[in-house]
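Colleague: here is a sequence with its predicted model. Questions after.
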Amino acid sequence: MSEQPLITHRGGCHCGRVRFEVDAPQVLRVSECNCSICSKAGYLHLIVRAEHFRLLSGEEALTTYTFNTGAARHRFCSVCGIKSFYVPRSHPDGFSVNARCLDADTARELIVRPFDGRNWERSYPEGRGDFER
C-alpha cells in the first residue's frame, strides 16, 4: 500500500469551545479500544505525532483526568464533557484524536480495527506503540 499524503482535518468538542486541527491521511485508520474508559465513551483512536496536532482554541475549557498509572492524560471540555483528544499512555509524545469528533467534510473513509486495551500490557509489551500513517 502506498503512503497517503497528509491533509488537515478539523474537529472539536460538542459545544465548540475546544477546536483543533490534525494532519492525517484522508482515509483514516483508527482503533476501537475495549478498555473501560474507551468502550464507555465510544472513542475511536486516531494516533498522531505531536507535530501533527494543533489546539486552535479552548485550552482554558480543558480539564485533565488521569487514573491507574496516570500516564495517559485524558483532556476533556469542562463545559460539554466531550473528550475530543488526549495524550495516550501508548504514545506519550503524541495525541489520540477521537475520530468521531472530526468535522465531517474531510475524511473519505474510516477503517476501524479492534484493539485489546483490557489487556494493554500484552498488546504493548514494550510499553508503547509505534506511530502509523
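Modeller: Ah, there it is.

Colleague: please identify the buried residues of stretch 83-92?
Modeller: Within stretch 83-92, the residues scored as buried using 16 or more other Cβ atoms under 10 Å are 83-91. (Each C-beta comes from the backbone N, C-alpha and C, glycine too.)

Colleague: cool, and stretch 39-57?
Modeller: By neighbour count with 16+ other Cβ under 10 Å, stretch 39-57 contains the buried residues 41, 43-48, 52-53, 55.

Colleague: quick check: mean pLDDT of that stretch?
Modeller: On average, the pLDDT along stretch 39-57 is 95.

Colleague: output the lowest mean pLDDT helix or strand found in this structure.
Modeller: Within the chain, no helix or strand scores below helix 120-123, which has a mean of 71 by mean pLDDT, DSSP states H and E.

Colleague: so which of the buried residues of stretch 39-57 are in strands?
Modeller: 44-48, 53, 55 (DSSP state E).

Colleague: Glu21: which of the buried residues of stretch 39-57 is nearest?
Modeller: Nearest to Glu21 among those, counting by Cβ to Cβ, is Phe53 at 7.5 Å.

Colleague: can you tell me the closest non-neighbouring residue to that closest one?
Modeller: Nearest residue to Phe53 in three dimensions, chain neighbours excluded: Phe95, at 4.5 Å (Cβ to Cβ, 6 or more residues apart in numbering).

Colleague: alpha carbons of stretch 47-66, as PDB, please.
Modeller: Backbone C-alpha positions of stretch 47-66 (Å, rounded to 0.1, in the frame of the first residue of the first chain) are rendered in PDB as follows:
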ATOM      1  CA  ILE A  47      -3.000   8.300  16.900                       C
ATOM      2  CA  VAL A  48      -0.800  11.200  15.600                       C
ATOM      3  CA  ARG A  49       2.600  12.700  16.300                       C
ATOM      4  CA  ALA A  50       2.600  15.800  18.400                       C
ATOM      5  CA  GLU A  51       3.700  17.900  15.500                       C
ATOM      6  CA  HIS A  52       0.600  16.900  13.500                       C
ATOM      7  CA  PHE A  53      -1.800  18.200  16.100                       C
ATOM      8  CA  ARG A  54      -2.700  21.900  16.800                       C
ATOM      9  CA  LEU A  55      -5.100  23.100  19.500                       C
ATOM     10  CA  LEU A  56      -6.800  26.200  18.000                       C
ATOM     11  CA  SER A  57      -9.000  27.200  20.900                       C
ATOM     12  CA  GLY A  58     -10.300  26.100  24.200                       C
ATOM     13  CA  GLU A  59      -7.200  25.500  26.400                       C
ATOM     14  CA  GLU A  60      -9.000  27.300  29.200                       C
ATOM     15  CA  ALA A  61     -12.000  25.000  29.000                       C
ATOM     16  CA  LEU A  62     -10.000  21.800  29.100                       C
ATOM     17  CA  THR A  63      -9.800  19.600  32.300                       C
ATOM     18  CA  THR A  64      -7.500  16.700  32.700                       C
ATOM     19  CA  TYR A  65      -8.400  13.300  34.100                       C
ATOM     20  CA  THR A  66      -5.900  10.500  35.000                       C
END
